[in-house]
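Student: Structure of the sequence below:
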Amino acid sequence: MCELCPAHWSLMVVLLQPVDPKTDPQVIEAKHLLSRKQQLLDPETGTLKKYDDAVVALKAKVKETEGEDMREAIQDKINAWFIANRSPETGEYPDLPDVDAGGSKSILNPPLPTLEELLADDPAAGGKDGKGKGKPASAKPAAKDGGKGGKDAKKGGGKGDGGEPSGATETISSSFIPLIEASVAEYIGKWQERPAPSGPSWEQQYDAELLKDELRPLVFEEIRQQVDEEMTCLLANLKELVAAEAAAKAGKKSKKKGGKKGKGKKEKGKKEKGAGGAKGKKKKDPTADRSMESLFAELASNGVLTRIPRVELADYLGGYSYMGATLEKAGIIPDPSLAQIRHAVTEFGILPLGSQSVHPRLPHIKSILLYGAPKTGKTMLAQAIAHLSGACFFDLSPRNTDGHYPGKAVAMLLHMVFKVARTMAPSVIYIDEVEKVFVSDKKKAKEFGGQEPFSRIKKDLLRELKALGPGDRVLVMGCSREPWLAAKKDEKAFMGTWGKTLYLPLPDYASRRLIWPGLFARHGGKLQYDFDLSTLAQLSEGYSAGALDAVVAGLMTPARRERLKIHPVDIPEVLQWLCRVEPVSPDLDEQLHKWMDKTPAMAAIKGAAADKPAAAGDKDKKGAKGDKKAAAGSKKKKK
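Tutor: Coordinates of the predicted model:
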C-alpha cells in the first residue's frame, strides 16, 4: 500500500463525510425539476392545460376572423375550375374529385408535372412533336468524327484538349450541414425578431401568432370539406339545369322536323300544330341558350344580386313582453315582443332555408311580409336571414331596379332572378316598399317617382311566386312601412301574396332597457353601473330602435370615446341628441294597428278570443233558464 501525503488524506476525509440533503446542489436541482414538472402537468392550472385551452380558443378565432375569406377563396378556385373544364360542346360540368382522392385538394394545389411529362411536351427534347429520339442534333456528326478521337481520348488518360489534366476537384457532400442551415433559417424566420416570453423560460409559454400559423391549415381543411359538400349540391343543380336545357333544345329540333314533315297536310293539322305551339310557349325558357354564369354575372353587374353585410339575429335587440299574458287574460291582444319576432324569423326563415333536412318537415312558406314603422329593423332581419342561412340575396326593390330592364324586359328580369335563385338555393328575394308594387291607381303611382312604375313587376312576381314548389329553398321577403296604400281591390291581392305577416312594433319599456346598453357597446362605449337606465328608457318611449341607434352613433364620436373614462355619459347628454331625432307619430302607429287588424292572422286571433266570452254567455243563459224552471217547479209544489 502506497503512502499518501497529508493533502490526499484531507481530501479523502472530506469525500467520506456524509452530505446534507438540504444543502446538496444535486438534490436541490432534482427538487426544482420535479416541481416544475408538476406545474407543467397540473390538470387545472398547468402549462399544458393552458396550451390546450388556447388551441381551442385560437382555432375558433381563426375560423371566425379568417374563415369567410378562406371559404370565398376556395369557392372562387373551384368555380374557375368548373368553367375551365366545362365541355364546350355539350356544356356539361365535370365531377368533383372523389373524397378518397382528396376532394378539391387537387384543384386547390395541383400536383407538379413529372420529368417524363415535361420531356413529352417539349418538342426540343424529342417529345411528342420532335422527330428525334431524345438525342441532340449534333450527336450523330460527333459520333462520325469521333473514331480516332475516341482512341486518342483513351490514350490521353483523362487529359483535356491539350493533353493536360483537368482542374476539376471532387467535392464530398455533407449530411449534417443542410440540417444546420435549415435550423438556422428557421430560427431567423421565426425567433430572431420575436420578443422573449414574459414568464420564466422553464414555463414554456406558447406564442399566439405561431400557434395561429399552425392552426390555419387545420381550419382551412375543415372549411374545404364543408365547401366540397356545398359545391357537390350546387353541381347537382347545375347538371340538372344543363340536362333540362339540352332536353328543351332537343324538343325544339323535333318540333322543327315535325313541322317540315307536316307541311303538306290540311288546315286541321295546322290547327293542331298551332295549339301545341301555344302550350309550348308557357314552358319556354327565354334564357335556355345562356349559361348560369352569364345570368349570375348580369344580375350582379346590375346591382340585383348583392353582397350583404355580416348581420346576426342577435343584432336585433329586444326582450320579452312581461305583461303579455296579463293583457291576454284581460281580453287585450298585445303587440308581439321583439324576442317573439326573433323566434318567428328563425322558425319561418332561417331554419327552412339553412337546412335541407328541416325544410321538408316544416310548412312550406314562400313569402314573408315584415311591416312596421320606419327604422324598426325590417331590412336588418331580411339580411340576417340571408346571412345566417348562407343564402344569395336578390334586391328586387322598385327603387333598386328603376332604370334597368325597361318596358317588357322586366319579365326577363323576374325570370332570371327566380331561375338563378332556384339554382343557387338557398336564396332570399328582397323587395322594399313592396306595398307600392300592388298599387294600381295611376295617380298614386305617379307620386312615388321613378322612371318606371313600381307596379311593373307585380304580374310576373305573382306568376313566379306561384311556380315555387315545396322543394325550392327560395324565400320572398317584402318590407312595408305603409301597407294601407294597397287599398280596395289591391288590398286582397296584397294580403293574399304573403304566407306569413310579421308586425315589427316599437320597442317597449323592457326592450328599451336592453337596447340602450347594447347600442352603446356596439359603438364602442359603455354605460356606468350607476347610470339611470330606467329614466332613459321611460323618456325614449315612442322612438324606433333605428332612431335610438342614430342617437348613439352621433354621440359616440372617436373624440368622445377617448374621454369616457374621465367624463362618463349622462342622461342630459343623451337627451341633447335624442331631441334631434323625430319619434314615430301616433297617427302612423294607429294606422299600422288598424291595418294589422285586417290581416287574416289577426282576424283569426280575434275570432278565437271572441268565441270564449260568447260560449261563457251561452252557459250563463242556459243556467238562468234552468234556475227559472226550478223556481217555477217549486211554486207548483207549494200550491
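Student: Residue 173 belongs to a strand?
Tutor: No: remark: residue 173 does not belong to a strand; assigned using DSSP: H, G, I helix; E, B strand; the rest coil, it is coil.
Student: what's the neighbour count on it?
Tutor: 6 (other Cβ atoms under 10 Å). (Each C-beta comes from the backbone N, C-alpha and C, glycine too.)
Student: Now do stretch 443-457: distance from first to last residue.
Tutor: 18 Å (Cα to Cα, to the nearest Å).
Student: Show me what it is in contact with.
Tutor: 396, 398-399, 401-403, 406, 410, 413-414, 433, 436-440, 442, 485 (Cβ atoms under 8 Å, 6 or more residues apart in numbering).
Student: 6 Å instead, please
Tutor: 398, 402, 403, 410, 436, 437, 439 (Cβ atoms under 6 Å, 6 or more residues apart in numbering).
Student: cool, and stretch 498-518?
Tutor: Outside stretch 498-518, the residues touching it (Cβ under 6 Å, 6+ apart) are 317-319, 335, 338, 344, 348, 365-370, 372, 376, 527, 533, 536-537, 540, 544-545, 548, 596, 599.
Student: ok, now stretch 77-87?
Tutor: For stretch 77-87, contacts defined as Cβ under 6 Å, 6+ apart pick out 93, 94, 104, 107, 108, 231.
Student: Contacts for stretch 304-315 next, please.
Tutor: With Cβ under 6 Å, 6+ apart, stretch 304-315 has contacts from 299, 342, 380, 383, 384, 386, 387, 393, 394, 395.
Student: before we move on, the earlier item: can you tell me which of the contacts of stretch 77-87 end up in helices?
Tutor: Counting by DSSP state H, the contacts of stretch 77-87 place 107, 108, 231 in helices.
Student: sorry, back to before: now restrict the contacts of stretch 498-518 to buried residues only.
Tutor: 317-319, 335, 338, 348, 366-370, 372, 376, 527, 533, 536-537, 540, 544-545, 548, 596, 599 (16 or more other Cβ atoms under 10 Å).
Student: related to what we said a few turns ago, I would like a PyMOL command selecting only the buried ones among the contacts of stretch 77-87, please.
Tutor: To isolate the buried ones among the contacts of stretch 77-87 in PyMOL, judged by 16+ other Cβ under 10 Å, type:
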select buried, resi 93+104+107+108+231
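Student: which of the contacts of stretch 77-87 sit farthest apart?
Tutor: Farthest pair in the contacts of stretch 77-87 (Cβ to Cβ) is 93 and 108. Separation: 17.7 Å.
Student: Just to check, residue 302 is in contact with residue 404?
Tutor: Yes: at 5.1 Å, residue 302 and residue 404 qualify as touching, with contact defined as Cβ atoms under 6 Å.
Student: Residue 494 versus the closest residue to residue 477 other than its chain neighbours, what's the distance?
Tutor: Excluding the flanking residues, the one nearest residue 477 by Cβ to Cβ, 6 or more residues apart in numbering is residue 382, at 4.7 Å. According to Cβ to Cβ, to the nearest Å, residue 382 and residue 494 sit 18 Å apart.
Student: Of those two, give the one with the bigger neighbour count.
Tutor: residue 382 (27 against 23).
Student: which other residues reach the host helix or strand of the residue nearest to residue 477?
Tutor: Following DSSP states H and E, one finds residue 382 within helix 378-389. If you take Cβ under 6 Å, 6+ apart as the criterion, helix 378-389 is touched by 308, 311, 313, 345, 349-350, 353-354, 370, 393, 426, 428, 430, 477, 479.
Student: Take those residues and keep only those in helices.
Tutor: Using DSSP H to define helices, the subset of the contacts of helix 378-389 located there is 345, 353, 354.
Student: State the distance from residue 314 to residue 372.
Tutor: 19 Å.
Student: brain fart, residue 316
Tutor: 12 Å.
Student: pLDDT wise, what is the nearest residue to residue 406 once chain neighbours are set aside at?
Tutor: Excluding its sequence neighbours, the residue lying closest to residue 406 (Cβ to Cβ, 6+ apart) is residue 452, at 6.1 Å. Per-residue confidence (pLDDT) for residue 452: 76.
Student: Secondary structure class of the closest residue to residue 537 other than its chain neighbours, three-state.
Tutor: Distances taken as Cβ to Cβ, 6+ apart put residue 512 closest to residue 537, at 4.0 Å, once the chain neighbours are dropped. Secondary structure, three-state DSSP: residue 512 is helix.
Student: Now for residue 512, how many residues are close by?
Tutor: 24.
Student: same question, the one 10 residues further on
Tutor: The number of residues packed near residue 522 is 14, by other Cβ under 10 Å.
Student: For the remainder of this discussion, apply numbering that starts at 29.
Tutor: That works, and once the first residue is 29, the last one we named lands at residue 550.
Student: Quick check: it vs residue 72, distance?
Tutor: Distance of residue 550 to residue 72, given as Cβ to Cβ: 36 Å.
Student: now residue 57
Tutor: To residue 72, residue 57 is 26 Å away according to Cβ to Cβ.
Student: Between these two, point out the one with more neighbours.
Tutor: Taking other Cβ under 10 Å, residue 57 and residue 72 do not tie; residue 57 has more neighbours (10 against 5).
Student: Give the rounded mean pLDDT of the helix holding residue 410.
Tutor: 89.
Student: do the same with stretch 322-329
Tutor: Mean per-residue pLDDT for stretch 322-329: 83.
Student: How about stretch 341-354?
Tutor: Averaged over stretch 341-354, pLDDT sits at 80.
Student: same thing with stretch 500-516?
Tutor: Averaged over stretch 500-516, pLDDT sits at 85.
Student: So what's the gap between it and the chain middle?
Tutor: When distances are taken as Cα atoms, centre = their mean, to the nearest Å, stretch 500-516 is centred 25 Å away from the chain's centroid.
Student: follow-up on the earlier one: return the closest of the ones in helices among the contacts of helix 406-417 with respect to residue 63.
Tutor: residue 382 (52.3 Å).
Student: quick one, what contacts that closest one?
Tutor: Here residue 382 is in contact with residue 417 (criterion: Cβ under 6 Å, 6+ apart).
Student: change it to 10 Å
Tutor: Contact analysis of residue 382 by Cβ atoms under 10 Å, 6 or more residues apart in numbering lists 374, 413, 416, 417, 418, 419, 454, 501.
Student: Take those and write them to TSV, including neighbour count and distance to residue 111.
Tutor: Output for the contacts of residue 382, formatted as TSV (neighbours: other Cβ atoms under 10 Å; distance: Cβ to Cβ, whole Å):
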residue	neighbour count	distance to residue 111
374	15	36
413	28	30
416	18	29
417	19	26
418	11	22
419	24	23
454	22	23
501	21	24
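Student: Let me know the closest of those residues to residue 387.
Tutor: Among those, and counting by Cβ to Cβ, the member closest to residue 387 is residue 501, at 5.8 Å.
Student: Strands of the chain, residue ranges please.
Tutor: Ranges of strands in the chain, per DSSP state E, are 333-334, 395-400, 420-423, 455-460, 502-508, 528-532.
Student: tell me which residues of stretch 335-353 are tucked away?
Tutor: By 16+ other Cβ under 10 Å, the buried positions in stretch 335-353 come out as 336, 339, 341, 344, 345, 346, 347, 349, 352.
Student: likewise stretch 618-627?
Tutor: Buried residues in stretch 618-627 (16+ other Cβ under 10 Å): 620, 623, 624, 627.
Student: Mark which of those residues are part of helices, please.
Tutor: Per DSSP H, helices hold the following members of the buried residues of stretch 618-627: 620, 623, 624.
Student: Test my guess that the second one contacts residue 617.
Tutor: No: with contact defined as Cβ atoms under 10 Å, residue 623 and residue 617 do not form a contacting pair (11.1 Å).
Student: what about residue 246, neighbour count?
Tutor: Residues contacting residue 246 under the criterion other Cβ under 10 Å number 13.
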